[in-house]
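In: output the structure for:
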Amino acid sequence: MMIPLLAVLAALLGAAGWVGWAGRVAVPADHVGIVTRRLGPAHPNPAFKQVNPATARGVLARTLLPGGFHWLTPLMYSVDFVPRVHVPAGMIGLVTAKEGRTRTDGRTLGRHVDCDGFQDGQAFLLGGGEQGVQVATLTGGQAYYINTRLFDVEMVPRTYVPPGTVGLVQAKAGAVRPADQRFGRHVECDSFQDGQAFLDGGGEQGRQLAVLGGGAYYDINPELFQVITTDNVSASRDGLTEAHLQEISLEEGYTGVVVTLDGAEPRQDADGTVGPRVEGHRSFRLPWVFLAGGGWRGVQEETLGEGTTYALNPWFVRVLPIPTRMLFLKWADKQESESDNYDVALGKIVVNVQGFDLEVALSQNLQIPRDVAPRLVSEFGGVPTSGLGGLVDDPAPVQRFVRNVLGETVSGYFSEIATTSSVLDFLGRYEDVRKDLTDKVTHALEKLGVRTLNTSLGRFTPTDPSLPEALKKRFDAENDLDNLRVGVEQAQLRDLIDELEAQSEYRRVALELEKEVRLLGPENVAMIRIVREFANFDVPDYIGGGDISAYVQALPMTAVQDLLARLRELRQDQQAIAGVPRQELTKESETQAED
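Out: As a prediction, the model looks like this:
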């Protein structure tokens with residue numbers, strides 16, 4: 001009896017030793033042990049047909065790790081050793097679950113479950129892990145002990161945004177945004193690296209307001225987000241180019257006028273079309289703050305200053321650089337290569353005066369203040385770029401301002417004076433023209449708040465070489481006509497002087513005569529005058545016999561006629577003094593006197 005009992009005991013001890021030895025499992029370094037149960041009932045949950053979180057028949061979610069020994073019942077379990085999953089630096093691991101719950105609500109990604117980076121398969125399944133691509137990813141530069149019968153891991157590059165550029169993000173999953181919204185709502189999600197936070201926060205599909213800054217790597221799930229960078233922008237279908245993705249910086253002497261492509265509808269009763277300031281958006285770097293603050297769509301009052309770099313979303317803003325430095329504008333013929341010049345519309349000035357063409361040399365210095373630039377862009381506009389923004393170096397607003405305000409003012413002024421001036425007047429009024437033109441230009445620019453620095457008017461040059469000779473002839477003719485006018489005026493002046501002198505002499509003689517009459521009486525004055533007249537005649541030295549008639553007969557006929565005329569004048573003077581009406585000497589009395 002003792003021998004068989006000892007044999008049985010030895011057999012049992014041998015069997016136990018074999019079981020103990022056969023059930024020992026040592027997992028090699030850098031490997032993971034995947035356990036499969038061969039015998040026993042299947043898991044009662046049909047969701048775990050291939051891999052189960054318990055110890056039912058089939059592949060177990062729990063794995064064996066290296067370091068020490070593990071014991072499993074021989075023949076009931078088998079263990080497969082597979083290398084651990086290594087995610088290289090510069091890559092991320094995109095995980096796909098082969099087992100788990102079925103996704104609901106049309107979601108394309110399995111929700112995040114806390115399972116130690118997919119190394120605890122049992123926690124994943126019991127925590128409600130879902131089949132398919134997972135929203136969480138594996139960080140690069142690490143190794144993971146993952147059950148490859150439960151998870152597949154695909155290596156994809158990290159998202160890199162080159163320095164000096166921005167990355168644009170489009171969400172492939174999430175809620176459907178309203179049709180009238182251009183962008184999905186903003187959700188804080190660690191620069192799109194926390195996909196579950198994006199989805200839990202109500203993130204929406206489509207274009208996102210936030211951008212990725214340049215010079216950095218991001219662990220972004222490519223199944224959740226599409227990131228557009230300068231490396232792949234050529235594959236974009238919405239017209240984006242590398243230029244749109246550049247960070248925005250402004251040269252010295254420029255200000256950036258911002259045009260927002262989304263925002264509230266401007267009020268119809270608003271004064272102008274420039275959107276008011278909104279606080280807190282950090283120069284449009286946080287567009288969701290701008291929109292939440294009621295920011296308007298269109299040209300903004302706030303501008304971007306020089307010397308700073310701005311990482312802005314080209315889907316949201318367009319920036320037009322407007323010069324704030326002094327501009328030198330010249331009226332002259334332009335070359336084709338000068339089509340981008342601000343004064344391209346200012347051609348050579350030719351003024352036609354009385355049929356003669358005169359070239360006018362003109363230049364203007366002006367300065368657009370920073371706070372005036374938005375109004376200028378609002379009134380004179382820019383070139384639309386199919387709904388895309390970024391830095392748009394478009395000279396059109398300033399060119400239109402120069403053409404419509406400065407150009408029209410100067411053209412209108414010269415057209416006006418050309419119709420009201422002669423050539424000689426036009427050429428001779430240089431200083432007046434310069435002053436008047438400066439005043440008109442200053443007034444026109446001040447209406448928009450633009451500073452006038454200097455208006456430089458050059459000389460007037462005739463285009464026809466024969467004009468100087470024609471002007472000389474016209475000048476000589478006009479000079480002769482002026483001389484004639486002066487001569488006529490001088491003759492008329494001399495006649496007036498003679499008339500005034502005669503009147504003065506008449507008054508003097510009348511006063512002397514009146515004085516004599518008062519002193520001597522009219523008869524005596526008349527006699528004295530007659531004696532004086534006789535004394536002035538040349539008479540014969542001797543007249544023989546007779547009376548006064550003999551004396552008269554001795555006089556020449558002309559002397560007698562002169563004597564009678566003087567007597568008539570004396571008689572009239574005497575009657576005037578005495579108050580007696582004048583009586584004209586008749587021809588008969590003259591004849592009698594002559595006889």
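In: when you work out contacts or count neighbours from here on, use the C-alpha atoms and nothing else.
Out: Noted.
In: same question for stretch 91-100, mean pLDDT?
Out: When pLDDT is averaged along stretch 91-100, the result is 96.
In: again, but for stretch 423-435
Out: Average pLDDT, stretch 423-435: 83.
In: show me what the helix ranked longest in the chain is packed against.
Out: The single longest helix within the chain, with elements called by DSSP state H, is helix 467-520. Packing contacts for helix 467-520, counted by 3 or more C-alpha pairs under 8 Å, 6 or more residues apart in numbering; DSSP states H and E, involve helix 423-428, helix 557-578.
In: report the buried residues of stretch 335-343.
Out: Using 16 or more other C-alpha atoms under 10 Å as the test for burial, stretch 335-343 gives Tyr342, Asp343.
In: what's the spacing between that stretch and its chain's center?
Out: Here stretch 335-343 is found 17 Å from its chain centre; the criterion is C-alpha atoms, centre = their mean, to the nearest Å.
In: so which residues make contact with it?
Out: Stretch 335-343 is touched from outside by Leu329, Lys330, Trp331, Val344, Pro395, Ala396, Val398, Gln399, Val402, Arg403, with contacts defined as C-alpha atoms under 8 Å, 6 or more residues apart in numbering.
In: quick one: end-to-end length of it, please.
Out: Criterion C-alpha to C-alpha, to the nearest Å; first-to-last residue distance in stretch 335-343 is 12 Å.
In: show me which of the contacts of stretch 335-343 are buried.
Out: Leu329, Lys330, Trp331, Val344, Pro395, Ala396, Val398, Gln399, Val402, Arg403.
In: and Glu584, what pLDDT?
Out: Glu584 carries a pLDDT value of 44.
In: ok, the one 10 residues further on next?
Out: Confidence at Glu594, expressed as pLDDT, is 43.
In: equivalent analysis for Leu64, please.
Out: Leu64 is assigned 93 on the pLDDT scale.
In: contact partners for it?
Out: So Leu64 contacts Val27, Val32, Gly33, Ile34, Val35, His70 (C-alpha under 8 Å, 6+ apart).
In: thinking the fourth one is in contact with Gly58, fair?
Out: No. Using C-alpha atoms under 8 Å, Ile34 is not in contact with Gly58, being 10.8 Å away.
In: any idea which residue is closest to the centre of the protein?
Out: The residue lying closest to the centre of the chain (C-alpha atoms, centre = their mean) is Val377, at 3.5 Å.
In: next, that one: phi, psi?
Out: Backbone geometry at Val377, expressed as degrees, to the nearest 10, gives phi -70, psi -40.
In: ok, the contacts of Leu64 vs Val161, which is closest?
Out: If you rank the contacts of Leu64 by distance to Val161 using C-alpha to C-alpha, Val32 comes first, at 35.7 Å.
In: make sure that closest one is indeed in a helix.
Out: No. Using DSSP: H, G, I helix; E, B strand; the rest coil, the secondary structure at Val32 is strand, not a helix.
In: returning to what we had before: find the nearest non-adjacent residue to the residue nearest to the centre of the chain, please.
Out: Spatial nearest neighbour of Val377, excluding adjacent residues (C-alpha to C-alpha, 6 or more residues apart in numbering): Pro397 at 5.6 Å.
In: did I read that right, the one you found in a helix?
Out: Yes. Under three-state DSSP, Pro397 sits within a helix.
In: report the contact partners of it.
Out: Here Pro397 is in contact with Leu376, Val377, Phe380, Gly381, Gly382 (C-alpha under 8 Å, 6+ apart).
In: format those as TSV; extra columns: pLDDT.
Out: Below are the contacts of Pro397 laid out as TSV (pLDDT from 0 to 100):
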residue	pLDDT
Leu376	94
Val377	93
Phe380	91
Gly381	81
Gly382	65
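In: now do the helices in the stretch 101-250 of the chain.
Out: 121-126, 195-200 (DSSP state H, counting those that start in this stretch).
In: so which of the ones you listed is the most packed in?
Out: Greatest average neighbour count among the helices of the stretch 101-250 of the chain goes to helix 121-126 (a mean of 22), per mean count of other C-alpha atoms under 10 Å.
In: so Gln226 touches Thr159, yeah?
Out: No. Gln226 is not in contact with Thr159 according to C-alpha under 8 Å; the separation is 9.7 Å.
In: okay, the two: which has more neighbours?
Out: A side-by-side neighbour count of Gln226 and Thr159, using other C-alpha atoms under 10 Å, places Thr159 first with 22 against 18.
In: measure that one to Leu212 for me?
Out: With the distance defined as C-alpha to C-alpha, Thr159 ends up 10 Å from Leu212.
In: next, count neighbours for Arg432.
Out: You called it Arg, but residue 432 is Asp. Close neighbours of Asp432, defined as other C-alpha under 10 Å, add up to 11.
In: wasn't it part of a helix?
Out: Yes. With three-state DSSP as the criterion, Asp432 is located in a helix.
In: tell me the spacing between it and Val410.
Out: 15 Å.
In: ok, now Phe124?
Out: Distance from Phe124 to Val410, counting by C-alpha to C-alpha: 79 Å.
In: which one of the helices and strands packed on helix 467-520 has the lowest average pLDDT?
Out: helix 557-578 (a mean of 61).
In: strands along the stretch 251-400 of the chain, start to end?
Out: Taking DSSP state E, counting those that start in this stretch as the test, the strands found in the stretch 251-400 of the chain are 254-260, 298-304, 309-310, 317-323, 326-330, 349-353, 356-367, 390-391.
In: contacts for stretch 165-174?
Out: Stretch 165-174 is contacted by residues 107-109, 161, 199, 202-208, 210-215, 223-230, 245-247, 311-313 when judged by C-alpha under 8 Å, 6+ apart.
In: apply 7 Å and report the result again.
Out: For stretch 165-174, the external contacting residues (C-alpha atoms under 7 Å, 6 or more residues apart in numbering) are 108, 161, 199, 203-208, 211-214, 224-229, 245-247, 311.
In: do stretch 130-138 as well
Out: Contacts of stretch 130-138 (C-alpha under 7 Å, 6+ apart): 92-103, 109-112, 117, 195-196, 221.
In: go again using 6 Å as the cut-off
Out: Residues outside stretch 130-138 that contact it (C-alpha atoms under 6 Å, 6 or more residues apart in numbering) are 92-103, 109-110, 195.
In: can you check stretch 403-421 too?
Out: For stretch 403-421, using C-alpha under 6 Å, 6+ apart, the contacting residues are Ala345, Val353.
In: go again using 10 Å as the cut-off
Out: Residues outside stretch 403-421 that contact it (C-alpha atoms under 10 Å, 6 or more residues apart in numbering): 329, 331, 342-347, 349-354, 360, 362, 364, 380, 397-402, 425-427, 429, 433, 436-438, 440-445, 447-448.
In: now do the buried residues in that stretch.
Out: Buried residues in stretch 403-421, counted by 16+ other C-alpha under 10 Å: Arg403, Val405, Leu406, Gly407, Thr409, Val410, Phe414, Ala418.
In: so where is the stretch 201-350 of the chain shaky, pLDDT-wise?
Out: Within the stretch 201-350 of the chain, the segments meeting pLDDT under 70 span 268-272.
In: if you set the cut-off to 80 instead, what comes out?
Out: For the stretch 201-350 of the chain, the stretches flagged by pLDDT under 80 are 267-272, 336-337, 339.
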